[in-house]
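Student: Need the 3D shape of this:
(2 chains)
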Amino acid sequence: MGDSRDRLTNCFLAVFPNLSTDEIYDASSTTVQGWDSVAGVTLFAVVEEEFGVSIEDNDLTRFNSFHGFLNYLQEVMPSNSGLP
Amino acid sequence: MKLAEALNLVMRMRSRGGNLLPCCIAAGINPLHLKTFLTAELSLLCPDQTVEIREGIYGDLVGNVRRLSIGDDLEFGAVLIEWTDLDPRLGVRSAAKWSNSELSDILTTAKGRSSRLRQAIEEVGLHLPLTICFPSLPLPPYSFASSWQMSEFELDLRTIVQSLASDVCRLAGVGVLSSQSLDQQSPMAARLDIESDIRTGFPYSLSHASALAALLAQFAKRPVPKKGLITDLDDTLWRGILGEIGIGGISWDLEHGSQMHAFYQRFIGALASEGVLIGIASKNDHGLVEEALRRSDLALSPTMFFPVEARWTPKSQSVARILKTWNVGSESVVFIDDSPFELEEVNLAFPNIECVRFPTKDNTAIYNLTLHLRNLFGKRTVFEEDTIRLESIRRAHSDANVNAGASLTEPLDHTETEITFNSGKTPPDPRALELVNKTNQFNLNGQRYSEASWHRLLLDPNSFLLVASYRDKFGPLGKIAVIAGHHYKRKLTINTWVMSCRAFSRRVEYRCLVELIAQFDPEEIEFQYARTERNEPLHNFLGEILGTSPSPGCAVSRKMAEIRADASLNRQESING
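Tutor: Residues are numbered from 1 along each chain as shown, chains lettered A, B, ... in the order given. Model (predicted):
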């Protein structure tokens, strides 16, 4: 459970290296200044590569925060992920 | 490399700082993650520099290539061609109709775009080193044929691409990325990412982008090719121990299961023909070795080996003698032996030499060894000088034996010499840059140039380039000296002066000085001199010209340069009678 969260945190750290871990947990496209379209697609790619998933959900608004990604991963990988 | 690793690496490298290494990706696609991977790979190869990769406008490949000429500080350009750059209808993002009747029109468009692309690459390649990557993605199912059939359309389209590749790979400053290497690193079926293409215009899977970036970085920052290969004989050049089983017992053929030794022989024969020096270091009886090398079925000419050190002393001593004969540093040489003991002994004596074990009886490993060696000795092109190098070293060795103790300042008897000078700056002569970047002893300051910085120097209207070629009654030495610098208001500033050690003892340096005076009529010549660990011959020459020990920015008047050059050349004439 915590493993997926840590891995997702590392994905966010790779794209937003200036954020602290606490800031990442609360990160969203409205609170993180550098979260533009390029950062968004980079985050998508990093998460897909890290978790071996292909995000086909067209509802992009769902992926506008750390929790949005975590919830998605919980759904597609229920045995390995979840909220603390 | 994973994307997250690349991002972390880029961030770490940026925080370290360093000189800027500006590069550019010219592509019609969105280079998105490829840019990140390439930045990371180049940062690994250039840890002291901060890599900055620029990109162009989406969908405008030809325009992006042309715009590379605007960025006059660029060091390297990667041109990525995909099928959609030849015709947008060949991609999934196009809204155009898809019909069998469109095929010939697509070919016509592809031909036109290919032609414009060729022109742009030719123009930009004159002053910026370019690496071209031809379509790496699978073709969409555009033609009527099944996927297992090559349709006329596909063959014609691939012919257009092949023709373009064949044209541009011959251009100075332009290289084509090996599709075979890319195939080995990135399976075709795993290259295309439709989701990413639709979402962002970046059609590459991350694994493909990573592999492509690694190859592009290697291409941009390829290592200096090694100059010489020293090989063992027993169980290396041939199978068997010559001293035990005799000349008839050693083998390199299918019949004895030793064919890969013939392959190795053929391979180093090819290296020799490309100008790589091949020496032999073997613990053997010299007479027996000479006889064995005369076997008519040897897969390379025995004259390609020089020198042959067959004796019973430690191999490090043989290697030392070979390096002295070649006059090259150990860092430029590969030593190959089947014995780990011999490899260690040589490696202890020469830590910079690349020691490689010959994997006798492992055919696959021997084949892989040749792949490794090809990368160590690989070069962009083979110059005329490469093909005559061995002969000139043999000759110099012979001269040195006759004139023991000869040096730069003790002229040998070289009658019937002919030195020709070429001061043309365009198109850039790649041999001149090669000489500048590999010469250590007669080198004004040790400064090396990237292709881009060399081209920028030559593009300066006040710059000059003088390349000297030499031949005498024994044959040509090819281009052996390069002088580059600036001339302004009768002052000549020399930034670079190198001369091949093969041209020592011939007073070529003085002839160059006389030629500089004749061509540019300077009142004063300034030398951007710097002492290096190995440029003593240049240091001594300059000291003779200046009449004092040289220092950075030292200068000599025209009159003094003429007097000292004349004195030296007159000494030569009196020796020649």
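Student: Burial check on the closest residue to chain B within chain A, number of neighbours?
Tutor: As assessed by C-beta to the nearest C-beta, chain B sits closest to A:Ala14 within chain A, at 3.9 Å. C-beta: built from backbone N, CA, C; applies to glycine. Using other C-beta atoms under 10 Å in any protein chain shown, A:Ala14 has 24 other residues around it.
Student: Which pLDDT value goes with it?
Tutor: The confidence metric pLDDT takes the value 95 at A:Ala14.
Student: That one and B:Asn570: what is the separation?
Tutor: 70 Å (C-beta to C-beta, to the nearest Å).
Student: before we move on, back to that, residues in contact with the residue of chain A closest to chain B?
Tutor: A:Val46, B:Leu3, B:Ala4, B:Glu5, B:Leu7, B:Asn8 (C-beta atoms under 8 Å, 6 or more residues apart in numbering or on different chains).
Student: wait, which of those residues is closest to B:Gly249?
Tutor: The shortest gap between B:Gly249 and any of the contacts of A:Ala14 belongs to B:Glu5, at 53.2 Å (C-beta to C-beta).
Student: So B:Glu451 is in contact with B:Leu433, correct?
Tutor: Yes: using C-beta atoms under 8 Å, B:Glu451 is in contact with B:Leu433, at 6.6 Å.
Student: Now do the helices in chain A.
Tutor: Ranges of helices within chain A are A:2-15, A:21-25, A:37-51, A:66-76, based on DSSP state H.
Student: Same list (these) but as TSV, adding distance to B:Ile81.
Tutor: Output for those, formatted as TSV (distance: least, C-beta to C-beta, whole Å):
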stretch	distance to B:Ile81
helix A:2-15	29
helix A:21-25	39
helix A:37-51	23
helix A:66-76	35
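Student: how close does the residue in the stretch 451-577 of chain B positioned nearest to chain A get to B:Lys479?
Tutor: Residue of the stretch 451-577 of chain B nearest chain A, by C-beta to the nearest C-beta: B:Ala452 (27.6 Å). With distances taken as C-beta to C-beta, B:Ala452 is found 21 Å from B:Lys479.
Student: again, but for B:Arg54
Tutor: From B:Arg54 to B:Lys479 the distance is 35 Å (C-beta to C-beta).
Student: Next: B:Leu271.
Tutor: 21 Å.
Student: Close to chain A: what parts of chain B are there?
Tutor: B:2-5, B:7-8, B:11, B:32-33, B:36, B:195-196, B:199-200, B:202, B:206 (C-beta under 8 Å from any C-beta of the partner chain).
Student: how about 6 Å then?
Tutor: Contact residues (C-beta under 6 Å from any C-beta of the partner chain) of chain B with chain A: B:Lys2, B:Leu3, B:Ala4, B:Leu7, B:Asn8, B:Met11, B:His33, B:Thr200, B:Leu206.
Student: Could you give the separation of the helix or strand B:Leu20 falls within from the chain centroid?
Tutor: For B:Leu20, the host element (DSSP states H and E) is strand B:19-27. In terms of C-alpha atoms, centre = their mean, to the nearest Å, the centre of strand B:19-27 is found 21 Å from the chain centre.
Student: Which strands or helices does that strand pack on?
Tutor: Here strand B:19-27 touches strand B:49-55, strand B:76-80, going by 3 or more C-beta pairs under 6 Å, 6 or more residues apart in numbering or on different chains; DSSP states H and E.
Student: Most tightly packed of the ones you listed?
Tutor: strand B:76-80 (a mean of 26; mean count of other C-beta atoms under 10 Å in any protein chain shown).
Student: for it, packing partners?
Tutor: Contact partners of strand B:76-80 among helices and strands, from 3+ C-beta pairs under 6 Å, 6+ apart: strand B:19-27, strand B:130-133.
Student: Could I get the average pLDDT for the first one?
Tutor: If I follow you right, that is strand B:19-27. On average, strand B:19-27 scores 93.
Student: List the neighbouring strands of that strand plus their orientation.
Tutor: Looking at strand B:19-27 with DSSP bridges, its partner strands are strand B:49-55 (parallel), strand B:76-80 (parallel).
Student: related to what we said a few turns ago, burial count for the residue of the stretch 451-577 of chain B closest to chain A?
Tutor: With other C-beta under 10 Å as criterion, B:Ala452 counts 21.
Student: Work out for me the element it sits within.
Tutor: Here B:Ala452 is assigned to helix B:451-459, by DSSP H and E.
Student: how far is that helix from where the chain is centred?
Tutor: So, by C-alpha atoms, centre = their mean, the centroid of helix B:451-459 is 17 Å from its chain's centroid.
Student: Could I get the CA-only coordinates of that helix as PDB?
Tutor: The C-alpha trace of helix B:451-459 is given here as PDB (Å, rounded to 0.1, in the frame of the first residue of the first chain):
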ATOM      1  CA  GLU B 451      33.300  20.300 -35.400                       C
ATOM      2  CA  ALA B 452      31.000  23.300 -34.800                       C
ATOM      3  CA  SER B 453      33.600  25.500 -33.200                       C
ATOM      4  CA  TRP B 454      36.100  24.600 -36.000                       C
ATOM      5  CA  HIS B 455      33.500  25.600 -38.600                       C
ATOM      6  CA  ARG B 456      32.800  28.800 -36.700                       C
ATOM      7  CA  LEU B 457      36.500  29.700 -36.700                       C
ATOM      8  CA  LEU B 458      36.700  29.200 -40.500                       C
ATOM      9  CA  LEU B 459      33.500  31.200 -41.100                       C
END
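Student: Next, the buried residues of that helix.
Tutor: Neighbour counts over helix B:451-459 (16 or more other C-beta atoms under 10 Å in any protein chain shown) mark B:Glu451, B:Ala452, B:Trp454, B:His455, B:Arg456, B:Leu457, B:Leu458 as buried.
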